[in-house]
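1. Predicted model and sequence follow; I will ask about them next.
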There are 2 protein chains.
Amino acid sequence: MPASRLLITPRCPVRTALELLSGKWRLLLLQQVATGAARYGELRQSLPDISEKVLAHELKFLVDAGLLTRQDAPEGLVRSLYALTALGEQTQPVTQALARFGLAYNAEVALEPSRERAADANARP
Amino acid sequence: MPASRLLITPRCPVRTALELLSGKWRLLLLQQVATGAARYGELRQSLPDISEKVLAHELKFLVDAGLLTRQDAPEGLVRSLYALTALGEQTQPVTQALARFGLAYNAEVALEPSRERAADANARP
DNA sequence: GAATTCACCTACCTTGAGGTAAGTATGCCC
DNA sequence: GGGCATACTTACCTCAAGGTAGGTGAATTC
């Protein structure tokens, strides 16, 4: 099975994906928008502990990268409606896989108090 | 469909997963180990541009987190054989999803030279 | 027309992830 | 026992992600 061990170079697709999607908020933002086109204020409420600077910045990045679209005012309304592009929708399997792993990890940690120290390093209030 | 919009709190499983797996190297290391149990030197060769400090540190982190095991010398050999735990194997769907997204992104960018500027922000030699 | 809300933007600061370069401990070979 | 390889460790530094706090301009409300 080491037959398929591959050299991890900068052009590896996993690295491409990591560079586009890594960060504390990007995948969470995409996940929120996936639940329906969302406005700026809705996103801020959904992710209570993101700062406004970062929210605006990440939205801009995702639009520039072609993962989100921003619709300006459908005439008369306040502007800003974000939606996933086709490419953006392709991030959903990633988020789902992460969610499944997160659940598996929590389940495992619950069963193994012996590893609580390691888990504590990532514990939150 | 906004029926299922959920509050992203620190306890969300996606956040748990992101905290454990985010970073430049973790998923790549796990992917490499998944191609067969690996030794320190093999991993260093597979990921040519990781620094030794980070390689050692990330390996330790992954062992502490319960995603990798390190077998000490099977008697007489040089020590250090890393392998995935059951939990560690559960990260593979994440990596696979990232790989699929990376390929889709590259394909899309190749078709749309108009967005090359945004892509350039993440381009590498 | 004053006040408020919404969707941002700007300047400044802190923290930590990751890099560089060197050193250490252990075993193996001859 | 001197040299070499493997598997790390340590001290130091840099940079960028992310946070804080306070703006701004346009629309909407009263």
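-> Received it, and whenever you're ready, just let me know what you need.
2. Stretch A:86-100: which residues count as buried?
-> Using 16 or more other CB atoms under 10 Å in any protein chain shown as the burial criterion, the residues of stretch A:86-100 that qualify are A:L87, A:G88, A:Q90, A:T91, A:Q92, A:P93, A:V94, A:T95, A:A97, A:L98, A:A99, A:R100. In this view, the C-beta of every residue, glycine as well, is placed from N, C-alpha and C.
3. got the angle for the lengthiest helix in chain A vs helix B:92-111?
-> Across chain A, the helix with the greatest residue count (assigned by DSSP state H) is helix A:92-111. Computed by axes from the mean of the first three to the mean of the last three CA atoms, to 10 degrees, the angle separating helix A:92-111 from helix B:92-111 equals 160 degrees.
4. can you list the weak-confidence ranges in chain A?
-> By pLDDT under 70, the weakly predicted segments of chain A are A:1-10, A:37, A:72-78, A:112-125.
5. go again using 50 as the cut-off
-> A:1-4, A:76, A:116-125 (pLDDT under 50).
6. Enumerate the residues of it near DNA strand C.
-> Neighbours of DNA strand C within chain A, by CB under 7 Å from any atom of the strand: A:39-41, A:52-53, A:56-57, A:59-60, A:70, A:78-80.
7. Next, see if the host helix or strand of A:V33 gets close to chain B.
-> In this structure, A:V33 sits in helix A:26-34 according to DSSP states H and E. Yes - using CB under 8 Å from any CB of the partner chain, a contact is recorded between helix A:26-34 and chain B, made by A:L27, A:L28, A:Q31, A:Q32.
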